[in-house]
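S.K.: My questions are about this predicted structure, shown below with the sequence.
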Amino acid sequence: DTGVSQDPRHKITKRGQNVTFRCDPISEHNRLYWYRQTLGQGPEFLTYFQNEAQLEKSRLLSDRFSAERPKGSFSTLEIQRTEQGDSAMYLCASSLTEAAPQHFGDGTRLSIL
Amino acid sequence: SQQGEEDPQALSIQEGENATMNCSYKTSINNLQWYRQNSGRGLVHLILIRSNEREKHSGRLRVTLDTSKKSSSLLITASRAADTASYFCATVTLYGGATNKLIFGTGTLLAVQP
């Protein structure tokens, strides 16, 4: 079990730049989730994929955010024209079935200068 | 947005003591889960309790669920320094076509002193 892998672990960028994060879920898991966590808070749901279909998006996911999961394998989360408020830990999780616990990666910490 | 609150926000105990954390939530749920997060790391699933269950045990963990009060508690017995972490409750609502997304509480920061 290689677990959920996220890359990069840390990203520092200037305001206005675009960034892209990658998540590789556990191989047999067809459900994939993105969450955002700010300091001292619990994670907040961003979006959910079942295989390659994006089935739910949070209102937190503004039009500057886009997520994809081509071929139902890895997923990418892109933020365009980054803002100071985008600074957070971005967490990816996957699960095997609808009611199963979710397995989390170690996240990508984004810092906006 | 957060589902609810956790209490206390922070807890400091000595090794060997028991730690109790409480979680309240707002809506009807399918299940409630507890996760642990070490500093700078992802979350690790600890235990899941379904809405029709009232108590569940796993090793040194004991979870209770009171759906009438929309609350849950996590008890860690005989705590160890390695239990130092943040603990989050998270709810899942599958009614009305909702997906399996987790709605997290605000977390309890547990410090176990050796």
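M.R.: Here it is on my side, so go on. Residues are numbered from 1 along each chain as shown, chains lettered A, B, ... in the order given.
S.K.: Quick one: residues contacting B:S79.
M.R.: Residues in contact with B:S79 (CB atoms under 8 Å, 6 or more residues apart in numbering or on different chains) are B:13, B:15-19, B:110, B:112. Placement of C-beta: from N, CA and C, glycine included.
S.K.: what number of residues lie near the residue nearest to A:D24 when sequence neighbours are not counted?
M.R.: In this structure, A:D24 finds its nearest non-sequential neighbour in A:S5, 4.3 Å apart by CB to CB, 6 or more residues apart in numbering or on different chains. If you count neighbours by other CB atoms under 10 Å in any protein chain shown, A:S5 ends up with 14.
S.K.: Could you report the pLDDT at A:S5?
M.R.: Listed pLDDT for A:S5 reads 97.
S.K.: Tell me if stretch A:95-105 is near chain B.
M.R.: Yes - Stretch A:95-105 is in contact with chain B by CB under 8 Å from any CB of the partner chain, via A:95, A:98-99, A:101-105.
S.K.: Please identify which of the contacts of B:S79 is nearest to chain A.
M.R.: The nearest member of the contacts of B:S79 to chain A, counting by CB to the nearest CB, is B:L110 at 14.5 Å.
S.K.: Kindly export stretch A:94-111 (C-alpha atoms) in PDB.
M.R.: Provided in PDB are the C-alpha atoms of stretch A:94-111 (Å, rounded to 0.1, in the frame of the first residue of the first chain):
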ATOM      1  CA  SER A  94      -9.200   8.800  -1.800                       C
ATOM      2  CA  SER A  95     -11.600   6.100  -0.900                       C
ATOM      3  CA  LEU A  96     -12.600   2.700  -2.200                       C
ATOM      4  CA  THR A  97     -16.400   2.900  -1.700                       C
ATOM      5  CA  GLU A  98     -18.900   5.600  -0.900                       C
ATOM      6  CA  ALA A  99     -19.000   4.800   2.800                       C
ATOM      7  CA  ALA A 100     -15.400   3.900   3.300                       C
ATOM      8  CA  PRO A 101     -12.900   6.000   5.300                       C
ATOM      9  CA  GLN A 102     -10.800   8.400   3.300                       C
ATOM     10  CA  HIS A 103      -7.100   8.000   3.100                       C
ATOM     11  CA  PHE A 104      -5.200  11.400   3.000                       C
ATOM     12  CA  GLY A 105      -2.000  12.400   1.500                       C
ATOM     13  CA  ASP A 106       0.400  14.700   3.400                       C
ATOM     14  CA  GLY A 107      -0.700  17.700   1.500                       C
ATOM     15  CA  THR A 108       0.800  20.600  -0.500                       C
ATOM     16  CA  ARG A 109       1.500  23.700   1.600                       C
ATOM     17  CA  LEU A 110       1.100  26.800  -0.600                       C
ATOM     18  CA  SER A 111       2.600  30.100   0.500                       C
END
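S.K.: now B:V44, nearest residue through space, not along the chain?
M.R.: Distances taken as CB to CB, 6+ apart place B:R36 nearest to B:V44, at 5.0 Å, with adjacent residues excluded.
S.K.: Sheet-wise, list the partners of the helix or strand hosting that neighbour with their directions.
M.R.: Using DSSP states H and E, B:R36 sits in strand B:31-37. Its sheet considered, strand B:31-37 pairs with strand B:43-50 (antiparallel), strand B:85-92 (antiparallel) by DSSP bridges.
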